[in-house]
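Q: What follows is a predicted protein model with its sequence.
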Amino acid sequence: GGVVRDHSGEIIMAFSSSFGTGNNAKAEAKAMHLGLRLCTERGLSISFIELDSLLIVNCFNAQWDPPWAIEYILRDCKNLITPTVSISHIYREDNGLADRLAAHGHTCQGIATFDRDSLPSTCFTAYQADLLGQPQYRPP
């Protein structure tokens, strides 16, 4: 799951999808790729990307060699953005909406897209907390 926001943190588009079985790195890379494809299809320009996977961020920024299973995904992601787009790490607790959308993806058949008014009920509180800058923690 992921969310595309404007400069003030408001939702432009959000999405969830199930990527089947695999590891966390592959799911994170596929989610980034899906988000970039959706932005491209909608003509949305991207200034920066924040991910909660330090592995993906460091591989994308050529600080680490990517695992072979995601190398092709990251290469395709680079082709979807301009070289001026920055990608940085953000803690999961600081982007609760994306975390909730990822959890929602386990229930999806195909790709589900949302705007602010159509967010799944399990995600709206996380969105409000993100806007207020409140960290969010997963329930035990």
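A: Thanks, I have it.

Q: CA only for contacts and neighbour counts going forward, please
A: Noted.

Q: For stretch 91-101, what is the distance to the chain centroid?
A: 9 Å (CA atoms, centre = their mean, to the nearest Å).

Q: what is the mean pLDDT for it?
A: Averaging pLDDT along stretch 91-101 yields 87.

Q: Show me which residues of that stretch are buried.
A: 92-101 (16 or more other CA atoms under 10 Å).

Q: repeat for stretch 102-111
A: Those would be 102-105, for stretch 102-111 by 16+ other CA under 10 Å.

Q: Show me what the longest strand belonging to the chain packs onto, helices and strands only.
A: The longest strand of the chain (DSSP state E) is strand 11-17. Counting contacts by 3 or more CA pairs under 8 Å, 6 or more residues apart in numbering; DSSP states H and E, strand 11-17 packs against strand 2-5, helix 96-105, strand 111-114.

Q: Residues touching that strand, excluding its own?
A: Residues outside strand 11-17 that contact it (CA atoms under 8 Å, 6 or more residues apart in numbering): 1-6, 31, 35, 101-102, 104-106, 108-116, 119.
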